[in-house]
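1. need a 3D model of the sequence below.
(2 chains)
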Number of protein chains: 2
Amino acid sequence: MRLARIVLIACTTTLLMFAGSAIAQGQEDGTDVLHQIAVQLFAPVPAVVENEVNPVTDEKVELGKMLWYDTRLSLSGGFSCNSCHNLATYGVDNLPTSLGHGWAIGPRNAPTALNAALHATQFWDGRAADVEEQAQGPVLNPIEMGTPSAEYAVERIASIPTYVDLFAAAYPDLDEPLTYSNIANAIGAFERTLTTPARFDDYLEGDLTALSDVEKEGLQVFINYGCAGCHNGPAIGGNMLARFGVTESYWEATRDFVTIDSPTMTMDVGLFAVTHDENDLYVFKVPSLRNITRTYPYFHDGSVWSLADATQVMSRVQLGRELTEEDLGKLLAFFDSLEGEIPAYALQLPVLPASTETTPRPEFR
Amino acid sequence: MRLARIVLIACTTTLLMFAGSAIAQGQEDGTDVLHQIAVQLFAPVPAVVENEVNPVTDEKVELGKMLWYDTRLSLSGGFSCNSCHNLATYGVDNLPTSLGHGWAIGPRNAPTALNAALHATQFWDGRAADVEEQAQGPVLNPIEMGTPSAEYAVERIASIPTYVDLFAAAYPDLDEPLTYSNIANAIGAFERTLTTPARFDDYLEGDLTALSDVEKEGLQVFINYGCAGCHNGPAIGGNMLARFGVTESYWEATRDFVTIDSPTMTMDVGLFAVTHDENDLYVFKVPSLRNITRTYPYFHDGSVWSLADATQVMSRVQLGRELTEEDLGKLLAFFDSLEGEIPAYALQLPVLPASTETTPRPEFR
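-> Residues are numbered from 1 along each chain as shown, chains lettered A, B, ... in the order given. Predicted coordinates for the structure are as follows:
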């Protein structure tokens, strides 16, 4: 993974160096070089994030959406996937870190579920390969949904005949369609449809009027400063891990901006906690900037509430430079163009099937 | 209120006595007397529960729906109205009693918000006059949404420009449209649209084929046993208070059926806690039976999970008789016909407006 990361950074850096001079030249001869560079660095979101491992079908998506909104995947019956990844608020809970079972407060900010399927890896430290693997985590986490075991989760869902039928329809080739892995698989299929086309996509697809002048200037600042070195691809991020705090400690830098402490605020070592490799100290996944205007508070610890402050922190600790007020304003304008449309069908709450006498009851323990 | 209650019971009892013989006679001469009696005892749900105090407008309903789903009405940012009155599960959380701020567990079962506007009074003890008054309660309850004051709730909402505009549009004649009272008023307007037409309504409106034979037999049992003495009107309940446990203590009776204890299970004195009048001991609002198949667990303490058990308890403690298995089966069939359709627009999650720098932050304290 490390080699791939270095190669990606090297390629992007070369492109960015080319971009800076090409844009300047393009401005002189009237061609729209900015657009040409942008389509190389970024890509429009697809309607569905297809993959080979989990082909997306209507049956899986319908089932996955029901599971997404079903609080019976939590021991208490108080939490669904949507509790922390609320689609009414762009796939986040807008909390520094999330509330979980027993009023536990999580260690890291809940990332948005929107466009998450576009990411190369999942979780802030990239420890899950895809949304299907990720979805297995929170259900069983004792400080998130608190379900005691995979078997218990399956017992709950399998006690509801409608779900049994829906799993059989979604996984027609399997002898045992209703498994914990397939609960997560169906939720993953649903998440693969949660992409949010925005004005920036119209621009990438050739409508040069989709962005205002100041938004285009912001895009140019974004490229010129080197933000796109990490925040690139269709999700404008999400496709690599990087050290948070290259030229300065993020911990020191964010202290200037933190207005309330995240309740669990301690310096998070990032990927190091998984690998115990010193090179992985403070290494986190580069988040997507799609809908960044709406996914406050920012960073893995949710410590910074203002996008202007967060942008300034990033410039200081990753690039070693202070943004001018003018450039900051342009960047914020560009970010506005990344605010996309949430698929309407995903926002339509499903009417969930009733529990039965054999459904294990909610427990608050 | 007491006099009205006695008069209502007396009238209904007379009607029921008439009903018993008339149905028998109707069966003999072939006229559909059951239907004639039913339309006198019950009524179809209206699409909107109109009233004079809070005329329902599209602007109020749109605003009320947004507030309904907005977790910023809770101090923690973890709860919205929909957390306990989840429209995906027929307006309830299917918990014995609800989870609230700080993992507090409430003293009474969350009643469904569906058809609640049809009720004569609100809360289990009828202490609020209407849905507008009711909606003011949970936001400020320290063990529910935990918002410290009405002023704080208004400060949160008023910090969001979109809401300021929507209140101005919903209350165009008011100098100060965004008040705590109007937050609840708009939510109330939304609730006035949450009615759930069911097959039983088709039957009441004249489609005699809308109920199966066994469902009609269940309706007849429902009338003959005297259930309709309390459960009548458009909500099939909700229009009176009554002592729970007339011929036997409900507390003793439910002990036969309780499968897990409600965490806060103590004998609830009902309206007595408000009035300290001995006549109000164990007096609760008669709940609506609409969607009763889906609003488990049952009773004010959510102690009984099975509708069959709950029906048997009611027969024993209110009417002093044991239901035969056959009659119980018919009643359960009738209850199926009360399961209605939740308005689709109400299930469409609104995309909520972003907080601003002045929005008071979520607090877990």
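
2. low-confidence ranges, the stretch 251-365 of chain A, go.
-> A:257-266 (pLDDT under 70).

3. can you give me the strands for it?
-> A:283-285 (DSSP state E, counting those that start in this stretch).

4. would you mind listing what in it touches chain B?
-> Residues of the stretch 251-365 of chain A lying close to chain B (CB under 8 Å from any CB of the partner chain) are A:259-260, A:263, A:293-294, A:296, A:305-306, A:342, A:344, A:347-352, A:354-355, A:357, A:361-362, A:364. Placement of C-beta: from N, CA and C, glycine included.

5. give me the PyMOL select line for the residues you listed, limited to the buried ones.
-> What follows is the PyMOL syntax for the buried subset of those, where burial is set by 16 or more other CB atoms under 10 Å in any protein chain shown:
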select buried, chain A and resi 293+294+296+305+306+342+349+351+352+354+355+361+362+364
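
6. the residues of the stretch 251-365 of chain A next to chain B in helices, which ones?
-> For these, membership in helices holds for A:344, A:347, with DSSP state H as the criterion.

7. near chain B, which residues of the stretch 101-250 of chain A are found?
-> Looking at chain B, the residues of the stretch 101-250 of chain A close enough under CB under 8 Å from any CB are A:102, A:103, A:105.

8. can we see that at 10 Å?
-> Proximity of the stretch 101-250 of chain A to chain B, by CB under 10 Å from any CB of the partner chain, involves residues A:101, A:102, A:103, A:104, A:105.

9. can I get the residues you listed in JSON lines including distance to residue A:119?
-> JSON lines is the format used below for those (distance: CB to CB, whole Å):
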{"residue": "A:101", "distance to residue A:119": "26"}
{"residue": "A:102", "distance to residue A:119": "29"}
{"residue": "A:103", "distance to residue A:119": "30"}
{"residue": "A:104", "distance to residue A:119": "25"}
{"residue": "A:105", "distance to residue A:119": "25"}
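
10. out of these, who's the most crowded?
-> In terms of neighbours by other CB atoms under 10 Å in any protein chain shown, those top out with residue A:101 at 22 neighbours.

11. surely that one touches residue A:144?
-> Yes - assessed by CB atoms under 10 Å, residue A:101 is found in contact with residue A:144 at 6.6 Å.

12. what is in contact with those two at once?
-> With contacts taken as CB atoms under 10 Å, 6 or more residues apart in numbering or on different chains, the residues that reach both residue A:101 and residue A:144 are A:74, A:79.

13. in the stretch 51-200 of chain A, which residue sits nearest chain B?
-> Nearest residue of the stretch 51-200 of chain A to chain B, counting by CB to the nearest CB: residue A:103, 3.8 Å away.

14. quick one: contacts for that residue?
-> By CB under 10 Å, 6+ apart, residue A:103 lies in contact with A:143, B:76, B:78, B:99, B:101, B:102, B:103, B:104, B:364.

15. so residue A:50 touches residue A:118, yeah?
-> No - with contact defined as CB under 10 Å, residue A:50 does not reach residue A:118; the gap is 11.1 Å.

16. and stretch A:204-220, what's buried?
-> When burial is assessed from 16+ other CB under 10 Å, stretch A:204-220 yields the following buried residues: A:204, A:210, A:211, A:215, A:216, A:217, A:218, A:219, A:220.

17. run the chain-centre distance for that stretch.
-> 24 Å (CA atoms, centre = their mean, to the nearest Å).

18. what does it contact?
-> The contact list for stretch A:204-220, computed with CB under 10 Å, 6+ apart, reads A:19-20, A:23-24, A:27, A:32-35, A:37-39, A:41-45, A:197-203, A:227-228, A:234, A:326-338.

19. which of those are buried?
-> Burial of the contacts of stretch A:204-220 was assessed by neighbour count (16+ other CB under 10 Å); the buried members are A:19, A:23, A:33-35, A:37-38, A:41-45, A:197-203, A:227-228, A:234, A:327-338.

20. name the SS class of residue A:152, please.
-> For residue A:152, the assignment made with DSSP: H, G, I helix; E, B strand; the rest coil gives helix.

21. contact partners for it?
-> Going by CB under 10 Å, 6+ apart, residue A:152 touches A:75, A:139, A:140, A:180, A:360.

22. right, and the third one touches residue A:153 too?
-> Yes - when contacts are counted by CB under 10 Å, residue A:140 is listed as touching residue A:153 (7.4 Å).

23. ok, those two, which is more surrounded?
-> With neighbours defined as other CB under 10 Å, residue A:140 and residue A:153 compare such that residue A:153 has more, 25 against 18.

24. measure that one to residue A:183 for me?
-> Counting by CB to CB, to the nearest Å, the gap between residue A:153 and residue A:183 amounts to 6 Å.

25. now for these two: what residues contact both?
-> Here residue A:153 and residue A:183 have A:67, A:73, A:136, A:139 as joint contacts, going by CB under 10 Å, 6+ apart.

26. buried only: go through those for me.
-> The neighbour count (16+ other CB under 10 Å) marks A:67, A:73, A:136, A:139 as buried among the shared contacts of residue A:153 and residue A:183.

27. can I get the residues you listed in JSON lines with secondary structure?
-> As requested, these are arranged in JSON lines below (three-state DSSP):
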{"residue": "A:67", "secondary structure": "helix"}
{"residue": "A:73", "secondary structure": "helix"}
{"residue": "A:136", "secondary structure": "helix"}
{"residue": "A:139", "secondary structure": "helix"}
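
28. number of nearby residues for residue A:53?
-> The criterion is other CB under 10 Å. On that basis, residue A:53 has 10 neighbouring residues.

29. how about residue A:74?
-> By other CB under 10 Å, the residues close to residue A:74 number 24.

30. residue A:50 and residue A:118: which has the busier surroundings?
-> Neighbours per residue, other CB under 10 Å: of residue A:50 and residue A:118, the larger number sits with residue A:118, 23 against 11.

31. for that one, give me the backbone phi and psi.
-> The phi/psi pair for residue A:118 (degrees, to the nearest 10) reads phi -80, psi -20.

32. for it, which non-adjacent residue is closest in space?
-> Counting by CB to CB, 6 or more residues apart in numbering or on different chains, residue A:235 is the residue found nearest to residue A:118 once chain neighbours are left out, at 4.1 Å.

33. what's near enough to touch the one you found?
-> Remark: with contacts taken as CB under 10 Å, 6+ apart, residue A:235 is in contact with A:42-43, A:45, A:49, A:114-120, A:195, A:286-290.

34. all strands of the stretch 101-250 of chain A, in order?
-> According to DSSP E, counting those that start in this stretch, the stretch 101-250 of chain A carries its strands in the segments A:104-105, A:241-243.

35. roughly how far apart are residue A:332 and residue B:351?
-> Using CB to CB, one obtains 20 Å as the distance from residue A:332 to residue B:351.

36. cool, and residue A:148?
-> Distance from residue A:148 to residue B:351, by CB to CB: 35 Å.

37. for residue A:197, same thing?
-> Spatial separation of residue A:197 from residue B:351 under the definition CB to CB is 14 Å.

38. ok, residue A:37 next?
-> Taking CB to CB as the criterion, residue A:37 is separated from residue B:351 by 32 Å.

39. show me what contacts residue A:176?
-> Counting by CB under 10 Å, 6+ apart, residue A:176 makes contact with A:154, A:167, A:182.

40. no, scratch that, I was asking about residue A:156
-> Residue A:156 makes contact with A:70, A:72-75, A:77, A:147, A:163, A:183, A:355, A:358-362, according to CB under 10 Å, 6+ apart.

41. closest to residue A:313 among those residues?
-> residue A:74 (33.8 Å; CB to CB).

42. quick check: closest non-adjacent residue to the closest one.
-> Nearest residue to residue A:74 in three dimensions, chain neighbours excluded: residue A:145, at 3.8 Å (CB to CB, 6+ apart).

43. ditto for residue A:138
-> Of all residues beyond its chain neighbours, the one nearest residue A:138 is residue A:144 (4.2 Å), with distances taken as CB to CB, 6+ apart.

44. and the one you found, what are its phi and psi?
-> Given degrees, to the nearest 10, the pair of backbone angles that residue A:144 has is phi -110, psi -100.
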